[in-house]
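A.B. asks: can you look at this prediction? I've put the sequence above it.
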2 protein chains.
Amino acid sequence: MNNHTPAGRGGSRPTMKDVALRAGVALKTVSRVVNGEPGVTPETTSRVLGAIEELGFRRNESARLLRTGRTATIGFIADNWGDRESAALGRGVEEVTREHGFLLFAGSTDSDPVREEELTLRLCARRVDGLVIVPTPGQHDYLISEIQAGIAAVFAMRPPVHLDADAALVDERGAARTAVSHLIAQGHQRIGYLGGNHEGYRTRQLLAGYSEAMAEAALPVDAAWTALTPQRLLNSAVTAVLCGSREYTALALRTLESAGTSQRVAVLGFGAFEVAEHLTPGVPVMVYDPAEVGREAAEMLFGRLDGYTGPGRRVYVPAALVTHDSAAIPPAAPLSVSDV
Amino acid sequence: MNNHTPAGRGGSRPTMKDVALRAGVALKTVSRVVNGEPGVTPETTSRVLGAIEELGFRRNESARLLRTGRTATIGFIADNWGDRESAALGRGVEEVTREHGFLLFAGSTDSDPVREEELTLRLCARRVDGLVIVPTPGQHDYLISEIQAGIAAVFAMRPPVHLDADAALVDERGAARTAVSHLIAQGHQRIGYLGGNHEGYRTRQLLAGYSEAMAEAALPVDAAWTALTPQRLLNSAVTAVLCGSREYTALALRTLESAGTSQRVAVLGFGAFEVAEHLTPGVPVMVYDPAEVGREAAEMLFGRLDGYTGPGRRVYVPAALVTHDSAAIPPAAPLSVSDV
DNA sequence: CTGAAAGCGCTTACAG
DNA sequence: CTGAAAGCGCTTACAG
């Protein structure tokens, strides 16, 4: 790996030195013209400009930045930028990055902590000015020395562990509260939760919101309701279930469908589930904008680069309930749940 | 934009000079140890290693690369990395990039030629070693001088215009031929095409494949069939229609649906359409793997960096027909090829 | 208004 | 085995 020859051919581009030689001026004068610094005769300026044109000179930013001490780059570390959420989040980061005239490095961890550390350290070795990280499960102690060395790091989607840093998150707790309250308003009293393991950040947040909504309505909660599996869902007493992700939403729908229409459990999903609106009846979902999470993360990052040095902050991006039963979106074609 | 202070605080990291001072050796000796060059006493080595440890030194890659002349970076320029296809493509590029120990810059053009040029030039100013570009419509003359200056450029999804460069493409023509032949085999004789404007690269390719398949079956083609609009589709004589994109597939389905079941036109889509398999009846689609396009593009790019200097090449990634009616795909599989 | 020198952090020749 | 010098392409002080 990485044993590529300097340059196929075509090779070296002209440098300021070449331009200076050609224009018959000193290097510094070329620098002045290129940077638009004042105090250069119009004649000299045009002579330099002419040489630049003839030689096809273009300033080497990397060299300039080395002298400057900054790199004007941000690193974005995603789970897997091939998936919808990472991509949208990255897009949000990119927008803010461009507004600030920075360039963006991007990489995926595939949720592997080893790859996260490796990628991060390589980015730090390039001296990126800041990092937006969608953290893998686990700790990030290797980051402490980097942050002390001056690199700004902001977390996205999941908060840092054992570390004081900014984080842009989704308001999962509020979302679950809204979702469960909605189910309660529809008359449900025995409501379940189907999702990932209870140690995960997202499930903890969702369950917190779930509990709040149930308590608010003075409804009792059976421990079994929040420890559902697709299998147990069928034999459960719940009349409605909150699903913790797109995948669990699909799983719940398939499971219920395969059990026949005798099983009537209302499903409410967390996270966009594009098929939801095409089903009959529509499946309500809590949706949020990952790009907004990316934007918020990047804004906090640039806040640090602009001098903010306070303690870690949290920004929560809200999720909204979308009920596809409304006539707002006409179904594209006849569908039955049996197709899920 | 871009008036951020050098470093919040924490500030400067130790350099090789600092390490040399601390270890009581010359700069060059530190360099030898860091690079694992032979000919350093074990004692000296451990003294240097100790200093590195104590100071928390980490080599500045950007500085090293400046001296080296290369940057070990690739730039990826997408339509909009927030969309599914760009994201998957970028993921493919990333995989190959990492295998080669390079880092990846990423940016979106939003299909704006001005932004494409601006982004490209900024990346070139950073002296990236290569570029994978999903080109916006139009020309890319600004690239000629960059390529001559030694930067390798490979196009993805759409070929370059007025430029000799490698390109990784989808075999749209073959896909259309397969699709139309499939419809013909099902008994259709009056087959239409619904897609973008006929000047676009994709539509030209699809129509070429369409024509080949029709000619192969000795079927006549009415010019009106390939100039369909959703509106005209309803009053057309066609019994089947090939749609040029996810969007057109959705449009066709909605249009036919709103017209009621009296209209019976078979729809076959080009491009993954996640809802397709949930419909009754299932909608067959031609799918391809955008990540594979990205991988192929990156492989060609590294081929150039490794010394290949021949003329521009073309690699075509195949598309496969997926008929959701067949039992080939178990219904348990929630979403299709490009992970929806 | 213009330029010669030193330096960013590292590596590449050359000496000892 | 180790080091002093020059240089990558540019900028930052300082002189004239």
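C.D. replies: Thanks, I have it. Numbers count the residues shown, from 1 in each chain, chains lettered A, B, ... in the order given.
A.B. asks: C-alpha only now, for contacts and for neighbours.
C.D. replies: Will do.
A.B. asks: mind checking which helix or strand A:Met214 is in?
C.D. replies: Assigned by DSSP states H and E, A:Met214 falls within helix A:201-216.
A.B. asks: what's the spacing between that helix and its chain's center?
C.D. replies: 23 Å (Cα atoms, centre = their mean, to the nearest Å).
A.B. asks: extract the C-alpha trace of the next helix-or-strand element following it and format it as PDB.
C.D. replies: Sequence order places helix A:230-235 as the next helix or strand after helix A:201-216, per DSSP H and E. Extracted in PDB, the C-alpha atoms of helix A:230-235 (Å, rounded to 0.1, in the frame of the first residue of the first chain):
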ATOM      1  CA  PRO A 230     -40.500 -10.200  17.800                       C
ATOM      2  CA  GLN A 231     -41.500 -13.600  19.100                       C
ATOM      3  CA  ARG A 232     -42.700 -12.300  22.400                       C
ATOM      4  CA  LEU A 233     -44.600  -9.500  20.700                       C
ATOM      5  CA  LEU A 234     -47.100 -12.000  19.500                       C
ATOM      6  CA  ASN A 235     -47.900 -13.400  22.900                       C
END
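A.B. asks: how about low-confidence regions in chain A?
C.D. replies: For chain A, residues meeting the criterion pLDDT under 70 lie at A:1-11, A:261-263, A:276-280, A:324-340.
A.B. asks: what does it put close to DNA strand D?
C.D. replies: A:12-17, A:27-28, A:31, A:34-35, A:58-61, A:63-68 (Cα under 7 Å from any atom of the strand).
A.B. asks: how near is A:Arg232 to A:Gly192?
C.D. replies: 11 Å (Cα to Cα, to the nearest Å).
A.B. asks: what's the burial count for the residue of the stretch 151-300 of chain A found nearest DNA strand C?
C.D. replies: DNA strand C sits closest to A:Ile151 of the stretch 151-300 of chain A, with a gap of 14.1 Å, by Cα to the nearest atom of the strand. Residues lying near A:Ile151 (other Cα atoms under 10 Å in any protein chain shown) number 25.
A.B. asks: ok, which stretches of chain A are strands?
C.D. replies: Counting by DSSP state E, chain A has strands at residues A:73-78, A:103-108, A:130-133, A:152-156, A:166-170, A:191-194, A:240-243, A:266-270, A:285-287, A:314-317, A:320-322.
A.B. asks: out of these, which gets nearest to chain B?
C.D. replies: strand A:103-108 (4.3 Å; Cα to the nearest Cα).
A.B. asks: which residues does A:Met286 bridge with?
C.D. replies: Beta-bridge pairing for A:Met286 (DSSP bridges): A:Phe270, A:Leu321.
A.B. asks: could you give the number of residues near it?
C.D. replies: 25.
A.B. asks: same deal with A:Pro38?
C.D. replies: 8.
A.B. asks: could you count how many residues lie near the closest residue to it other than its chain neighbours?
C.D. replies: The shortest distance from A:Pro38 to any non-neighbouring residue, by Cα to Cα, 6 or more residues apart in numbering or on different chains, is to A:Arg32 (7.4 Å). Residues contacting A:Arg32 under the criterion other Cα under 10 Å number 15.
A.B. asks: ditto for A:Gly195
C.D. replies: A:Gly195: 25 neighbours (other Cα under 10 Å).
A.B. asks: return the distance of it relative to A:Ala237.
C.D. replies: For A:Gly195 relative to A:Ala237 (Cα to Cα), the value is 17 Å.
A.B. asks: re the thing from before, which among the residues of chain A next to DNA strand D end up buried?
C.D. replies: The neighbour-count test (16 or more other Cα atoms under 10 Å in any protein chain shown) marks A:13-16, A:27, A:31, A:34, A:58-61, A:63 as buried among the residues of chain A next to DNA strand D.
A.B. asks: which of the residues you listed fall within helices?
C.D. replies: A:16, A:27, A:31, A:34, A:61, A:63 (DSSP state H).
A.B. asks: farthest pair within the residues you listed?
C.D. replies: Maximum pairwise distance among these (Cα to Cα): 16.2 Å, between A:Leu27 and A:Glu61.
A.B. asks: before we move on, the earlier item: how close does the residue nearest to A:Pro38 get to A:Arg13?
C.D. replies: Taken as Cα to Cα, the span from A:Arg32 to A:Arg13 is 20 Å.
A.B. asks: the most centrally placed residue in chain A and B:Leu183, how far apart?
C.D. replies: Centroid check for chain A by Cα atoms, centre = their mean gives A:Leu89 as the closest residue, at 3.3 Å. Distance, A:Leu89 to B:Leu183, using Cα to Cα: 40 Å.
A.B. asks: still on that earlier bit, of all the strands of chain A, which one is nearest B:Gly310?
C.D. replies: Comparing those by Cα to Cα, strand A:103-108 comes nearest, at 29.8 Å.
A.B. asks: show me what that closest one is packed up against.
C.D. replies: strand A:73-78, helix A:84-99, strand B:103-108 (3 or more Cα pairs under 8 Å, 6 or more residues apart in numbering or on different chains; DSSP states H and E).
A.B. asks: contacts for that strand?
C.D. replies: The contact list for strand A:103-108, computed with Cα atoms under 8 Å, 6 or more residues apart in numbering or on different chains, reads A:72-81, A:94, A:97, A:116, A:119, B:94, B:103-107.
A.B. asks: neighbour count for A:Arg232 and A:Gly192, which is higher?
C.D. replies: Counted by other Cα under 10 Å, A:Arg232 and A:Gly192 do not tie: A:Gly192 has more neighbours, with 27 against 13.
A.B. asks: show me what that one bridges to in the sheet.
C.D. replies: Beta-bridge partners of A:Gly192, as defined by DSSP bridges: A:Val241.
A.B. asks: do the same with A:Ile133
C.D. replies: A:Ile77, A:Phe155.
A.B. asks: wait, isn't it in contact with A:Ala156?
C.D. replies: Yes. Counting by Cα atoms under 8 Å, A:Ile133 touches A:Ala156, with 5.9 Å between them.
A.B. asks: quick one on the thing from earlier: wait, isn't the residue nearest to A:Pro38 in contact with A:Thr41?
C.D. replies: No. Judged on Cα under 8 Å, A:Arg32 makes no contact with A:Thr41 at a distance of 11.0 Å.
A.B. asks: residues contacting the residue nearest to A:Phe57 when sequence neighbours are not counted?
C.D. replies: Nearest residue to A:Phe57, sequence neighbours excluded (Cα to Cα, 6+ apart): A:Pro14, at 5.5 Å. Counting by Cα under 8 Å, 6+ apart, A:Pro14 makes contact with A:55-58.
A.B. asks: domain map for chain A?
C.D. replies: Here the domain parsing of chain A from automatic domain parsing is A:16-59, A:71-170+A:291-309, A:172-287+A:323-339.
A.B. asks: does DNA strand C sit close to the shortest one?
C.D. replies: Yes. Using Cα under 7 Å from any atom of the strand, we find that domain A:16-59 touches DNA strand C at A:24-29, A:38-41, A:43-45.
A.B. asks: now those residues as JSON lines including distance to A:Ser145?
C.D. replies: Shown next, in JSON lines, are the residues of domain A:16-59 next to DNA strand C (distance: Cα to Cα, whole Å):
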{"residue": "A:Gly24", "distance to A:Ser145": "48"}
{"residue": "A:Val25", "distance to A:Ser145": "45"}
{"residue": "A:Ala26", "distance to A:Ser145": "42"}
{"residue": "A:Leu27", "distance to A:Ser145": "39"}
{"residue": "A:Lys28", "distance to A:Ser145": "38"}
{"residue": "A:Thr29", "distance to A:Ser145": "41"}
{"residue": "A:Pro38", "distance to A:Ser145": "41"}
{"residue": "A:Gly39", "distance to A:Ser145": "44"}
{"residue": "A:Val40", "distance to A:Ser145": "45"}
{"residue": "A:Thr41", "distance to A:Ser145": "49"}
{"residue": "A:Glu43", "distance to A:Ser145": "51"}
{"residue": "A:Thr44", "distance to A:Ser145": "48"}
{"residue": "A:Thr45", "distance to A:Ser145": "46"}
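A.B. asks: picking that back up, from A:Phe270, how far out is the residue of the stretch 151-300 of chain A closest to DNA strand C?
C.D. replies: In terms of Cα to Cα, A:Ile151 sits 34 Å off from A:Phe270.
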